[in-house]
Each structure stands twice: as structure tokens, then as C-alpha cells.
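[1] pasting the sequence and the predicted coordinates here, then a few questions.
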Amino acid sequence: MKNPKRVVAHEAVDRYVEDGMVLGLGTGTTAYWVVRRVGELLAAGELRGVRGIPTSERTVALAKEFGVPLLTLSEARPDLTLDGADEVSRGLDVLKGWGGALLREKIVAASSRDGLVIVVEDSKLVESVGKGPVPVEVEPFGWEATLNALASLGCDATLRTDDSDPRRPFVTDGGHYTVDCLFDAIPEPDALQTQMKRIPGAIETGLFLGIARAAVVGQADGVEIFAI
């Protein structure tokens with residue numbers, strides 16, 4: 001049986017990536033297959049001149065492994081970003097950050113000229129975002145006060161811990177902590193994001209709203225595309 005993440009990543013790269021593009025490269029298990037596919041096409045000469053802007057140190061390592069040349073945002077602006085998601089609605093509201101790279105992912109996606117294309121399996125498709133927790137990247141200084149302020153918005157707020165040592169906080173590539181905020185429902189994602197970002201210490205949220213231009217969704221019988 002074919003790997004569904006690989007199938008949908010190949011569809012996204014083959015459909016959207018063109019010669020000479022500067023491509024924002026996401027982070028996560030599906031983004032792995034995106035980076036690998038770009039590298040394969042470059043090595044085969046089927047793509048030329050594509051360079052990537054990575055969203056995490058993990059993606060830097062993958063790009064080097066698969067031969068994708070890299071740039072920084074100080075050198076170029078992405079034409080397009082391809083990235084996975086934790087949740088995506090048919091209206092292209094997106095929830096990201098369970099993998100721990102939301103701030104850099106959002107910076108790269110928001111700076112892309114042609115926006116963000118989400119690459120997911122259909123298990124990530126939801127009626128409205130917020131089925132799972134909304135990650136918020138926070139400043140370590142005073143994180144307890146930030147967590148309490150986030151909890152006052154009506155969620156169960158918990159500090160994410162390191163998988164290798166649950167006694168320590170998980171630390172992002174940017175040196176920040178992450179608070180996961182679980183709501184019963186999120187009827188107004190835009191309003192919630194505004195409230196969260198008004199809290200001192202809350203740097204960025206995993207709500208990617210008005211950024212995605214399309215979603216390539218792997219289904220049991222093929223691939224479906226939702227686009228603006």
C-alpha cells in the first residue's frame with residue numbers, strides 16, 4: 001500500500017512547484033515528503049533552480065540530506081510555502097504548531113508572495129478548527145502569568161513539556177515555550193487570535209487564518225484540492 005503522506009506530498013510538489021522558485025519548506029511528517037520530493041526532482045533534472053527557506057532546524061537537516069539548496073528570509077522572499085497542518089477546514093482556516101515550529105512556519109508562510117499551500121491527509125480535515133489544542137508560542141520569562149491569562153479565555157491551558165524529559169519545558173528553535181490551549185469549541189477563530197495576541201508574553205498562535213490559498217488533501221480514492 002502506498003504511503004498516503006508521500007502520495008499527497010508528491011501531488012502538491014508536482015502541481016505547484018516550478019523551476020526557479022524560492023519555496024518555503026514546512027516542518028513535520030508530511031513536509032518531510034515535500035522536501036524529499038523536491039530533492040528527487042532536482043537530482044533528476046526535472047526541476048531546476050529551486051531553493052528553499054526552511055521553517056525549522058529539522059527542515060534544514062532534511063534539505064541538506066536531499067540536496068535542496070537553502071536561503072534565508074534576509075536573502076529572498078518565498079514565492080510559495082508548502083507545509084502540513086494539524087487541522088484544516090474547507091474554508092482554509094488552519095491550525096498548526098503541534099510539531100513545535102509554529103512561529104517560524106507562520107513567518108515564512110505569511111511572507112510568501114503566493115501564500116501557503118497546505119498538504120495533508122483527510123484525517124486532518126475538520127468542519128472548524130479547534131478540535132484539538134491551539135498552540136501558543138510564549139516568552140519563557142513569566143510564562144506562568146501568560147499561561148494563566150490564556151486560561152482566562154476559557155481554555156484548558158497546559159505548558160508543553162519535552163518528550164525526552166517531562167520535567168523540562170519543550171523549547172522551540174527560537175528559544176520559546178509553548179502553551180497548548182484546548183477549548184470546547186472556537187466559534188470565532190479571528191476574535192480568539194486577537195484576544196490571545198493581546199496577552200503580554202504570547203508571541204504567536206497556531207491559528208493560521210487568511211494565509212492558505214489551497215489545501216491538497218489525500219483521500220482514500222485519490223487527492224482533493226480546496227482552493228480560494
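    Great, that's in hand. Note that the structure is a prediction, hence the values are computed from the model and not measured. Numbering: from 1, shown residues only.

[2] C-alpha only now, for contacts and for neighbours.
    OK.

[3] what's near enough to touch Asp19?
    Leu47, Arg48, Gly49, Val50 (CA atoms under 8 Å, 6 or more residues apart in numbering).

[4] out of those, who's nearest Leu62?
    Within the contacts of Asp19, proximity to Leu62 (CA to CA) peaks at Val50, which comes in at 15.2 Å.

[5] surely the closest one is in contact with Leu25?
    No: using CA atoms under 8 Å, Val50 is not in contact with Leu25; the gap is 11.4 Å.

[6] higher neighbour count, these two?
    Leu25 (30 against 19; other CA atoms under 10 Å).

[7] returning to that earlier point: can you turn the buried part of the contacts of Asp19 into a PyMOL selection?
    Of these, the buried ones can be selected in PyMOL as follows, counting by 16 or more other CA atoms under 10 Å:
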select buried, resi 47+50
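
[8] and stretch 114-133, end to end?
    One end of stretch 114-133 sits 28 Å from the other (CA to CA, to the nearest Å).

[9] rounded mean pLDDT for it, please.
    Taken as a whole, stretch 114-133 has a mean pLDDT of 96.

[10] what about Gly91, distance to Arg213?
    10 Å.

[11] just the helices in the chain please.
    With DSSP state H, the ranges of helices along the chain come out as 4-16, 29-44, 57-66, 102-110, 143-151, 189-197.

[12] export those to JSON lines and tack on distance to Tyr177 and mean neighbour count?
    Putting the helices of the chain into JSON lines (distance: least, CA to CA, whole Å; neighbours: other CA atoms under 10 Å) gives the following:
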{"stretch": "helix 4-16", "distance to Tyr177": "28", "mean neighbour count": "19"}
{"stretch": "helix 29-44", "distance to Tyr177": "21", "mean neighbour count": "21"}
{"stretch": "helix 57-66", "distance to Tyr177": "16", "mean neighbour count": "16"}
{"stretch": "helix 102-110", "distance to Tyr177": "11", "mean neighbour count": "23"}
{"stretch": "helix 143-151", "distance to Tyr177": "8", "mean neighbour count": "18"}
{"stretch": "helix 189-197", "distance to Tyr177": "15", "mean neighbour count": "15"}
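
[13] same list (those) but as TSV, adding distance to His176.
    Shown next, in TSV, are those (distance: least, CA to CA, whole Å):
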stretch	distance to His176
helix 4-16	29
helix 29-44	22
helix 57-66	14
helix 102-110	10
helix 143-151	10
helix 189-197	15
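
[14] for Asp83, which of these is the nearest?
    helix 29-44 (5.6 Å).

[15] run the angle between that closest one and helix 4-16 for me.
    50 degrees (axes from the mean of the first three to the mean of the last three CA atoms, to 10 degrees).
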